[in-house]
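**Q** Compute the structure for the input listed below.
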Amino acid sequence: MSYVILLISSDYIILIGITGISFLFTGIIILYLRQSVFDIQQRKQAGDILTEIVSTLNKSIDEKESRIIDLMMRVDLLELRLQKQVGQEIKSGSNVYPITNINRSDITDSLSDINLSETEEVIIKSLSKEPMFVSEIRTQINKSREHTSRLVSRLSKLNVIKKRNINGQVSCELTDRGKDILAGL
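**A** This next block holds a predicted model:
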């Protein structure tokens with residue numbers, strides 16, 4: 001009889017031991033999974049922060065690039081007007097060069113006075129056939145992505161082309177002003 005009690009008690013001890021070991025393993029697995037979930041959350045937060053930083057930098061770069069293009073156009077226009085004025089003064093034989101008042105509206109409204117580069121003319125001619133994605137324009141003019149982006153932005157600011165976002169890609173097409181410029185090329 002004591003032998004049977006010993007057998008039954010040893011089965012309970014084994015059962016309790018197995019249960020304890022399984023609880024221990026379950027606890028270890030839960031701790032490991034909790035740590036993994038915490039790591040994943042940390043990585044997601046870091047990724048979100050990096051994405052926000054990059055988008056802020058891109059916006060800042062776009063604003064600076066826009067400002068630079070605007071200033072370059074104004075300088076070009078002022079140089080053209082100065083060249084015309086100096087040419088007229090030389091023809092008349094005057095030694096005095098009067099300063100002409102140039103209004104801000106003269107600079108911003110007379111953008112047609114600005115010459116287009118050969119590459120910009122190629123872009124306009126390419127868009128005469130059909131709208132194109134910026135990536136297609138880039139391969140056609142054989143320029144870097146950044147250079148192509150600057151050219152497209154400048155033409156867009158001049159209202160020569162219109163940009164549209166189609167499935168995450170930028171598509172460009174000529175505006176009426178662009179078609180007028182194309183007719184003059």
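**Q** for the record, mean pLDDT for the lengthiest helix in the chain?
**A** Criterion DSSP state H: the longest helix present in the chain is helix 2-92. Helix 2-92 comes out with an average pLDDT of 84.
**Q** and it, how far from the chain's centre?
**A** 18 Å (C-alpha atoms, centre = their mean, to the nearest Å).
**Q** repeat for stretch 137-156
**A** Chain-centre distance of stretch 137-156: 13 Å, with C-alpha atoms, centre = their mean.
**Q** Format the CA atom coordinates belonging to it as CSV.
**A** Provided in CSV are the C-alpha atoms of stretch 137-156 (Å, rounded to 0.1, in the frame of the first residue of the first chain):
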residue,chain,number,x,y,z
ILE,A,137,11.9,63.6,-69.4
ARG,A,138,15.1,62.8,-67.4
THR,A,139,16.0,59.9,-69.7
GLN,A,140,15.3,62.1,-72.8
ILE,A,141,17.5,65.0,-71.7
ASN,A,142,20.1,62.7,-70.1
LYS,A,143,20.4,64.8,-66.9
SER,A,144,20.5,63.9,-63.2
ARG,A,145,17.3,63.6,-61.3
GLU,A,146,18.0,66.7,-59.3
HIS,A,147,18.9,68.8,-62.4
THR,A,148,15.7,67.6,-64.2
SER,A,149,13.7,68.5,-61.1
ARG,A,150,15.1,72.0,-61.1
LEU,A,151,14.4,72.5,-64.8
VAL,A,152,10.8,71.2,-64.4
SER,A,153,10.2,73.4,-61.3
ARG,A,154,11.5,76.4,-63.2
LEU,A,155,9.3,75.8,-66.2
SER,A,156,6.4,75.2,-63.9
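**Q** List the buried residues for that stretch?
**A** Buried positions in stretch 137-156, judged by neighbour count with 16 or more other C-beta atoms under 10 Å: Ile137, Arg138, Ile141, Lys143, Thr148, Ser149, Leu151, Val152, Ser153, Arg154, Leu155, Ser156. Every residue, glycine included, has its C-beta placed from N, CA and C.
**Q** Now tell me what touches it from outside.
**A** 62, 65-66, 69, 73, 117, 119-120, 122-124, 126-127, 132, 134, 161-163, 170, 172, 178 (C-beta atoms under 8 Å, 6 or more residues apart in numbering).
**Q** go with 10 Å
**A** Outside of stretch 137-156, the residues that reach it under the criterion C-beta atoms under 10 Å, 6 or more residues apart in numbering are 61-62, 65-66, 68-70, 72-73, 114, 116-120, 122-127, 132-135, 160-163, 170-172, 174-175, 178, 181.
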